[in-house]
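In: this one's structure only:
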Ligand SMILES: Nc1ncnc2c1ncn2[C@@H]1O[C@H](COP(=O)(O)OP(=O)(O)OP(=O)(O)O)[C@@H](O)[C@H]1O
């Protein structure tokens, strides 16, 4: 029995030993597994980090390359005549014209106080010297543009921005002796009429460079034929994309790209088109320019994605939305039902010989209805809005330009850029959708140093814009009517057109050195 007990005990002990051994083994295996896992995780983490570092390094290299100081392309050197000008005279100019230059390269190029301060191509010199001197935006922007830098130019309506970007473009092409005929200058405009006007301005500078204007609403075939051998293209986005998709235009050689009315071109409605168009150009050689009279914060970040260390040139206090101070602004708060009767009263007051009156409606339907009303009241009126054919639009504009019609009724298609001589009064029959559009609309008068009147009918339908309007009036030293103040003189924070209230404004020029001279 004792023997058997011993045996059982021994067996039991054996079992325990085996169990302990097994447990030990399991533990060891588990430990090894854990260590292996940890090692693997560590390795993965290390690899991931290395990969990320590599990616960051690459991105930062690319960004550095992107932000590299643009080198002068050698076409601009300060003239001895400009060097001779006393610094006090330069300072006086900068302060009188409230010039602000934000220049990441800090190159501090002097403004051109006279046409003699720059050696433009003789053909251009012959044209621009019909003016007494460069306008402030031309004076300040030309040296930077001739040096090949990207420029954002912000200056009041009617201050010569077309030549500010157009003259350096044509000057550069005329000074080259390349025989290749590629599209080198591309200028994009939001409306057909403005595209034509820019074209008309550029062709006055030279006959030796082929310029072509492409826009919708007219035959494409003629434009395709015209594009052969063109070096300068002025285009509206829709038709240009059409031609790009058909392979009928090549933008890969564009080295001077202008967005005129840049804030409009970067708004939601145009943003995608602009991205696609710019995607057809080569960023490496491209000098990019943006010009406008209004530069809302909401578009600045998007603008920076297309530009390399841009120099921002502002004339006047352009950080705040501001109107041309030579325009007398009258705002009348009225009952919306009173509008048409009021308009007839205003015409009786303002119609005066050859002076032109531009009336803005908001919608095509409204424009059509008011056109009938005016015709019934024996007014000879031209009309321009989106419901008309391009031919009708062109006829109407030409008739207003020539003075055959002294009244034109328009929607916001005519709000930006159009330079029509002798527009003495702008009437806002219905307030536009944004305060920026208001500044552009009234800017059809008071151009190139002239004065003008803007008479606005304001109703409670637009009360959300009353604060912005009050600010514009105050900024231009204009009286703010009591009735307008009743709607509230404060501006609500504007939501970004694309990103709504979640939009975060990032200052694209934060590395720039700001020099303010006022
Ligand atoms: N140096 C100059 N001196 C005087 N007038 C000039 C000069 N340069 C251009 N102009 C004239 O000034 C007028 C307005 O110019 P332009 O249409 O280029 O203005 P803008 O600043 O582009 O206006 P907007 O903001 O409304 O588009 C034009 O008739 C143009 O011929």
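Out: Cool, the structure landed. Worth saying up front: this structure is predicted, and the values here are computed from it rather than measured. Residues are numbered from 1 along each chain as shown.
In: Near the ligand, which residues of the protein are found?
Out: Residues of the chain lying near the ligand by CB under 6 Å from any ligand atom: 131, 134-135, 138, 157-163, 293, 417, 419, 443, 447-448. No exception for glycine: its C-beta is placed from N, CA and C like everyone else's.
In: and these, which are buried?
Out: The neighbour-count test (16 or more other CB atoms under 10 Å) marks 134-135, 138, 157-163, 293, 417, 419, 443, 447 as buried among the residues of the chain next to the ligand.
In: Looking at the stretch 201-350 of the chain, which residue is nearest the ligand?
Out: Of all residues in the stretch 201-350 of the chain, residue 293 sits closest to the ligand, at 4.1 Å by CB to the nearest ligand atom.
In: Spell out which helix or strand contains the closest residue to that residue other than its chain neighbours, please.
Out: Leaving aside its chain neighbours, residue 293 sits nearest to residue 157 (4.6 Å; criterion: CB to CB, 6 or more residues apart in numbering). Element membership of residue 157 [criterion: DSSP states H and E] is none; it lies in no helix or strand.
In: Contacts only, for residue 134.
Out: Applying CB atoms under 8 Å, 6 or more residues apart in numbering to residue 134 gives the contacts 112-115, 128, 142, 160.
In: What is the nearest of those residues to residue 391?
Out: Lowest distance from residue 391 to these (CB to CB) belongs to residue 160, with 30.3 Å.
In: the helices in the stretch 301-450 of the chain, which residues?
Out: Taking DSSP state H, counting those that start in this stretch as the criterion, the stretch 301-450 of the chain contains helices spanning 339-350, 364-376, 390-402, 435-442.
In: can I get those in JSON lines with distance to residue 121, mean neighbour count and mean pLDDT?
Out: Shown next, in JSON lines, are the helices of the stretch 301-450 of the chain (distance: least, CB to CB, whole Å; neighbours: other CB atoms under 10 Å; pLDDT from 0 to 100):
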{"stretch": "helix 339-350", "distance to residue 121": "43", "mean neighbour count": "14", "mean pLDDT": "97"}
{"stretch": "helix 364-376", "distance to residue 121": "43", "mean neighbour count": "16", "mean pLDDT": "94"}
{"stretch": "helix 390-402", "distance to residue 121": "29", "mean neighbour count": "17", "mean pLDDT": "95"}
{"stretch": "helix 435-442", "distance to residue 121": "32", "mean neighbour count": "24", "mean pLDDT": "97"}
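In: so which of those helices gets nearest residue 306?
Out: Using CB to CB, those put helix 435-442 closest to residue 306, at 19.9 Å.
In: coming back round to it: in this structure the residue of the stretch 201-350 of the chain closest to the ligand contacts residue 439, no?
Out: Yes: contact between residue 293 and residue 439 holds when scored by CB atoms under 8 Å: they sit 6.4 Å apart.
In: can you list residues touching both of the two?
Out: When contacts are counted by CB under 8 Å, 6+ apart, the set common to residue 293 and residue 439 consists of residue 157.
In: now whatever helix or strand residue 257 lives in: how far from the chain's centre is it?
Out: Using DSSP H and E, the element containing residue 257 is strand 256-260. Centroid separation between strand 256-260 and its chain, computed with CA atoms, centre = their mean, to the nearest Å, is 9 Å.
In: Following the chain past it, name the next helix or strand.
Out: In N-to-C order, the element after strand 256-260 by DSSP H and E is helix 262-265.
In: What lies in contact with that following helix?
Out: By CB under 8 Å, 6+ apart, the list of residues contacting helix 262-265 from outside reads 152, 188, 190, 237, 259, 270, 274, 290-292, 294-296, 299, 303, 416, 436.
In: Now the helix or strand that comes right after that helix: buried residues?
Out: Tracing the chain past helix 262-265, the next element assigned as helix or strand by DSSP H and E is helix 268-279. In terms of neighbour count (16+ other CB under 10 Å), helix 268-279 has its buried residues at 270, 273-274, 277-278.
In: Go through these and name the one with the lowest pLDDT.
Out: pLDDT across those is lowest for residue 270, at 94.
In: Now for it: which residues touch it?
Out: Here residue 270 is in contact with 190, 237, 264 (CB under 8 Å, 6+ apart).
In: just curious, which of these is nearest to residue 365?
Out: residue 190 (21.5 Å).
In: Next, count neighbours for that closest one.
Out: By other CB atoms under 10 Å, the residues close to residue 190 number 24.
In: related to what we said a few turns ago, name the nearest of the contacts of residue 134 relative to the ligand.
Out: Nearest to the ligand among these, with distances taken as CB to the nearest ligand atom, is residue 160, at 3.3 Å.
In: ok, the nearest residue in space to the closest one that is not next to it in sequence to residue 236 distance?
Out: With CB to CB, 6+ apart as the measure, residue 135 is the residue that lies nearest to residue 160, at 3.7 Å, once sequence neighbours are left out. Going from residue 135 to residue 236 by CB to CB, to the nearest Å gives 26 Å.
In: Same check on residue 326?
Out: Computed as CB to CB, the residue 326 to residue 236 distance reads 30 Å.
In: Those two: who's more crowded?
Out: Between residue 326 and residue 236, residue 236 has the larger neighbour count (other CB under 10 Å), namely 23 against 15.
In: What's the local residue count around residue 470?
Out: Here the number of neighbours of residue 470 (other CB under 10 Å) works out to 21.
In: And the next helix or strand past the helix or strand where it lies?
Out: Element membership for residue 470, per DSSP H and E: helix 466-475. Per DSSP H and E, helix 466-475 leads on to helix 482-485 as the next helix or strand towards the C-terminus.
In: In that next one, which residues are buried?
Out: residue 484.
In: Measure how far that helix is from the centre of its chain, please.
Out: Offset of helix 482-485 from its chain centre (CA atoms, centre = their mean): 32 Å.
In: if you average pLDDT over it, what comes out?
Out: For helix 482-485, the mean pLDDT works out to 94.
In: State the distance from residue 152 to residue 427.
Out: Relative to residue 427, residue 152 is positioned 32 Å away (CB to CB).
In: quick one on the thing from earlier: if we only consider the buried ones among the residues of the chain next to the ligand, which is nearest to residue 315?
Out: Each of those was checked against residue 315 using CB to CB; the closest is residue 159, at 6.7 Å.
In: picking up where we left off before, in PyMOL, select just the buried ones from the contacts of residue 134.
Out: To isolate the buried members of the contacts of residue 134 in PyMOL, using 16+ other CB under 10 Å:
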select buried, resi 112+113+115+128+142+160
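In: And the contacts of residue 134, which is closest to residue 252?
Out: residue 142 (27.0 Å).
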